[in-house]
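A.B. asks: Pasted the sequence and its predicted model underneath.
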Amino acid sequence: MARHASVCSHPTDSGQDTTITTSPSADGLWYLDLHSHSTDASDDAGGTVEGYAKWIVARRKRGYHIDGFVLTEHRQYDPATEYSALSEQYGVTILRGAEVETDIGHVLVYGITPEFVRGFDLKSVALPYADVFKAARETGGFAVAAHAGRPRIGLAEHVDTRGVAVEGIVTAIEQLNGGSSNEENGRGQELADRFGLKCVGGSDAHFVSAIGRCLTAFRRPIISVEELVQELTHGEYHPVTVEQTLEAGATSGEVRG
Ligand SMILES: [Zn+2]
Ligand SMILES: [Zn+2]
């Protein structure tokens with residue numbers, strides 16, 4: 001891979017690869033890591049938000065395509081936190097959601113509103129899952145069953161052993177999770193096939209080198225939470241590993257010569 005082959009940049013007059021911001025990949029897809037934790041709010045995480053952004057810039061230079069990531073800190077959501085300055089500085093989309101804990105395992109919530117927060121004690125480790133999915137939808141957000149194939153904290157086991165309801169409640173799962181084994185991700189795929197669920201991918205990064213390992217490929221650019229919720233609700237998308245984004249990067253590199 002050529003040293004300058006930054007995957008999502010428009011060529012500049014100077015030939016510098018400084019504008020690695022919001023242009024689509026060569027395959028027209030938009031790649032976001034939908035699941036990450038940082039030192040800012042998850043005490044089991046060692047990665048800083050800036051560290052993640054820097055890592056993504058470095059990955060792009062190696063031909064990978066990562067447009068950005070969503071911070072989903074454990075059991076909390078601080079509406080005052082925002083990362084627009086870092087986002088601009090590094091040309092990386094940085095959005096925020098949360099990972100909450102329910103009676104069917106962990107759930108990623110995007111598009112969190114004050115109304116949603118008022119309805120739940122986010123610190124709880126056993127929120128009623130059907131209420132969480134419903135409230136997310138009704139308050140303009142979107143919920144995803146996290147690492148669905150993992151024992152205890154993923155949806156599949158609760159469906160298999162307790163017969164919890166999926167239809168009419170859960171519409172999407174994190175099928176590809178960077179912290180899960182192949183078997184666990186396979187179990188997520190079986191669940192998705194059985195119930196016709198949409199699938200996303202996320203790294204579940206707690207440390208810098210893990211960010212972007214697993215991603216969700218969207219058909220449209222996403223630079224706001226509103227756009228993310230819109231695409232998750234109505235758009236088409238699928239999970240990918242970061243290796244699968246190399247093709248997009250390679251093509252882009254050729255175009256730039
Ligand atoms: Zn989790
Ligand atoms: Zn997580």
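C.D. replies: Received it, and whenever you're ready, just let me know what you need. Ligands and ions are numbered 1, 2, ... in the order given.
A.B. asks: What distance do you get for the residue lying closest to T48 once chain neighbours are set aside to ligand 1?
C.D. replies: Excluding its sequence neighbours, the residue lying closest to T48 (C-beta to C-beta, 6 or more residues apart in numbering) is T39, at 5.2 Å. Placement of C-beta: from N, CA and C, glycine included. T39 sits at a distance of 17 Å from ligand 1 (criterion: C-beta to the ion, to the nearest Å).
A.B. asks: confidence score at T39?
C.D. replies: T39 carries a pLDDT value of 94.
A.B. asks: show me the contacts for it.
C.D. replies: 45-48 (C-beta atoms under 8 Å, 6 or more residues apart in numbering).
A.B. asks: Need the three-state assignment for it.
C.D. replies: The three-state assignment at T39 reads coil, by DSSP: H, G, I helix; E, B strand; the rest coil.
A.B. asks: Same check on G149?
C.D. replies: Going by three-state DSSP: G149 is coil.
A.B. asks: Is it in contact with N182, as I believe?
C.D. replies: No. Assessed by C-beta atoms under 8 Å, G149 is found out of contact with N182, at 9.5 Å.
A.B. asks: which one of those two has more residues nearby?
C.D. replies: G149 (27 against 8; other C-beta atoms under 10 Å).
A.B. asks: Let me see the contact set for the more buried one.
C.D. replies: 156, 175, 177, 180, 183-191.
A.B. asks: What are the boundaries of the helices in the protein?
C.D. replies: 49-61, 84-90, 114-119, 129-138, 155-162, 182-195, 225-234, 246-256 (DSSP state H).
A.B. asks: Please produce CSV containing the ones you listed, extended by mean pLDDT.
C.D. replies: Output for the helices of the chain, formatted as CSV (pLDDT from 0 to 100):
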stretch, mean pLDDT
helix 49-61, 98
helix 84-90, 97
helix 114-119, 96
helix 129-138, 98
helix 155-162, 98
helix 182-195, 98
helix 225-234, 98
helix 246-256, 50
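A.B. asks: Of all those helices, which one is nearest C214?
C.D. replies: Each of the helices of the chain has some distance to C214 by C-beta to C-beta; the shortest is helix 182-195, at 8.8 Å.
A.B. asks: just the angle between the closest one and helix 155-162, please?
C.D. replies: Using axes from the mean of the first three to the mean of the last three C-alpha atoms, to 10 degrees, the inter-axis angle of helix 182-195 relative to helix 155-162 is 70 degrees.
A.B. asks: Quick check: residues of the stretch 51-200 of the chain near ligand 1?
C.D. replies: 106, 146 (C-beta under 5 Å from the ion).
A.B. asks: Relative to ligand 1, which residue of the stretch 51-200 of the chain is the closest?
C.D. replies: H106 (3.5 Å; C-beta to the ion).
A.B. asks: What is the burial count for the closest residue to that residue other than its chain neighbours?
C.D. replies: Nearest non-adjacent residue to H106, counting by C-beta to C-beta, 6+ apart: A146, 4.0 Å away. A146 has 30 neighbours, counted by other C-beta under 10 Å.
A.B. asks: Could you do S124 as well?
C.D. replies: Neighbour number of S124 under other C-beta under 10 Å is 13.
A.B. asks: what bridges to the closest residue to it other than its chain neighbours?
C.D. replies: Distances taken as C-beta to C-beta, 6+ apart put E101 closest to S124, at 6.9 Å, once the chain neighbours are dropped. Beta-bridge pairing of E101 under DSSP bridges involves H106.
A.B. asks: list the contacts for E101?
C.D. replies: Per C-beta under 8 Å, 6+ apart, neighbours of E101: 74-75, 107, 124-127, 153.
A.B. asks: Please check those residues and keep the buried ones.
C.D. replies: 74-75, 107, 127, 153 (16 or more other C-beta atoms under 10 Å).
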